[in-house]
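1. Give me a model of this one.
(2 chains)
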Number of protein chains: 2
Amino acid sequence: MSRLESFIRRLQAQRACLDHAVELIRELPGPVLELGLGNGRTYDHLRERLPRREIYAFDRQVAAHPDCIPPAGLLIIGEVRETLPELRARIDATVALIHADLGSGDAEASRRQAAALAPLIADLLRPGGIVVSDQALDTARLRPQALPAEVKPGRYFLYRAAED
Amino acid sequence: MSRLESFIRRLQAQRACLDHAVELIRELPGPVLELGLGNGRTYDHLRERLPRREIYAFDRQVAAHPDCIPPAGLLIIGEVRETLPELRARIDATVALIHADLGSGDAEASRRQAAALAPLIADLLRPGGIVVSDQALDTARLRPQALPAEVKPGRYFLYRAAED
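-> Modelled structure (predicted):
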């Protein structure tokens, strides 16, 4: 499969998982986190699908399209390993949905980053909250969920926070 | 439509046009040009679909994935306005297919670049040769061709060089 083909399938999987997650949190209050704002494409998708939610976007620096930069109070710049616990101290475990798009070209570094962030991510979700992730997240509180039928297992990941 | 949705549709249009162009040149000999190597995704798609063709790739600098860097003789670094005429002097009007992925975030600059390159592109094609482009190309020798049915007009462009 060419890299073009593979990239299209990855983006389709990402869209399918985000749209499914939006349905899963319909009755669940709370803000949304976008980890890895990047060019802002998935941020734009989430704010279009969830126009009444607060969406916090995290990144090391702002590289997004000018139309896709969050309002000041919702843009959090820095190392996610530090900024996630800081947000936890402010808003407690109230988050309904987290999209974690963390992978870089370096598979081993991406796995290490996912392992370090999994407990911080889990700690921000309210019971029943959802994580959509491009990396597997292995931590006690996150339970793997079935993917949309069109998404090949391993291409994207979906978790729900335990009800405690 | 969100930027994620719009981007997926653009990539699907790109893939559909490239696959269609590959069919159109099946009986037409000659090399292929990729103008704007970028990350190398469409270059990878073309070399997978056309394993027996020489594919020249052009860019200002190499930013492609290491797997997607062409062999030395087929990688042409520099300003396309200069390197296209240089190649024309070497290989004459023998090219079967050109993929021009020239657009930047700046719509006006992209239009100017397309206007400057259209005659240089046309001048490299053999009669009946095909251009797939992300920009409209307005030059006498290039005749607009019908797009694949699933591609919205204006999303991508397809031309055939006049038979002279």
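2. mind checking how far the lengthiest helix in chain A is from the chain centre?
-> In chain A, with assignment by DSSP state H, the single longest helix is helix A:3-24. Offset of helix A:3-24 from its chain centre (Cα atoms, centre = their mean, to the nearest Å): 13 Å.
3. any idea of the angle that helix forms with helix B:3-24?
-> Here helix A:3-24 points in a direction 150 degrees away from that of helix B:3-24 (axes from the mean of the first three to the mean of the last three Cα atoms, to 10 degrees).
4. Let me know how buried the closest residue to residue A:146 other than its chain neighbours is, in neighbour terms.
-> The shortest distance from residue A:146 to any non-neighbouring residue, by Cβ to Cβ, 6 or more residues apart in numbering or on different chains, is to residue A:158 (7.4 Å). Just so you know, the C-beta spots here come from the backbone N, C-alpha and C atoms, and that holds for glycine as well. Residue A:158: 21 surrounding residues under other Cβ atoms under 10 Å in any protein chain shown.
5. Now do the same contact list for residue A:123.
-> A:88, A:93, A:141 (Cβ atoms under 8 Å, 6 or more residues apart in numbering or on different chains).
6. for those residues, which one is nearest residue B:134?
-> residue A:88 (43.4 Å; Cβ to Cβ).
7. that older thread, what's the helix or strand following the longest helix of chain A packed up against?
-> For helix A:3-24, the following helix or strand on the C-terminal side (DSSP states H and E) is strand A:32-35. Packing partners of strand A:32-35 (3 or more Cβ pairs under 8 Å, 6 or more residues apart in numbering or on different chains; DSSP states H and E): helix A:41-49, strand A:55-59, helix A:80-91, strand A:95-100, helix A:107-124.
8. Strand A:32-35 pairs with which strands?
-> strand A:55-59 (parallel), strand A:95-100 (parallel) (DSSP bridges).
9. the inter-axis angle of the first one versus helix A:80-91?
-> The reference is to strand A:55-59. Going by the same axes, to 10 degrees, strand A:55-59 makes 150 degrees with helix A:80-91.
10. For strand A:55-59, C-alpha coordinates in PDB please.
-> What follows is strand A:55-59 as a C-alpha-only set of coordinates in PDB (Å, rounded to 0.1, in the frame of the first residue of the first chain):
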ATOM      1  CA  ILE A  55     -12.100  22.500  23.900                       C
ATOM      2  CA  TYR A  56      -8.600  22.900  25.400                       C
ATOM      3  CA  ALA A  57      -5.800  22.400  22.800                       C
ATOM      4  CA  PHE A  58      -2.300  21.500  23.900                       C
ATOM      5  CA  ASP A  59       1.000  21.800  21.900                       C
END
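11. how far out from the middle of the chain is that strand?
-> With Cα atoms, centre = their mean as the basis, strand A:55-59 stands 9 Å off its chain's centre.
12. per-residue confidence averaged over stretch A:120-133?
-> Averaging pLDDT along stretch A:120-133 gives 97.
13. what separates the one helix or strand in chain A whose mean pLDDT sits lowest from the chain centre, distance-wise?
-> Least confident helix or strand of chain A, by mean pLDDT, DSSP states H and E, is helix A:107-124 with a mean of 94. Its chain's C-alpha centre and that of helix A:107-124 lie 11 Å apart, by Cα atoms, centre = their mean.
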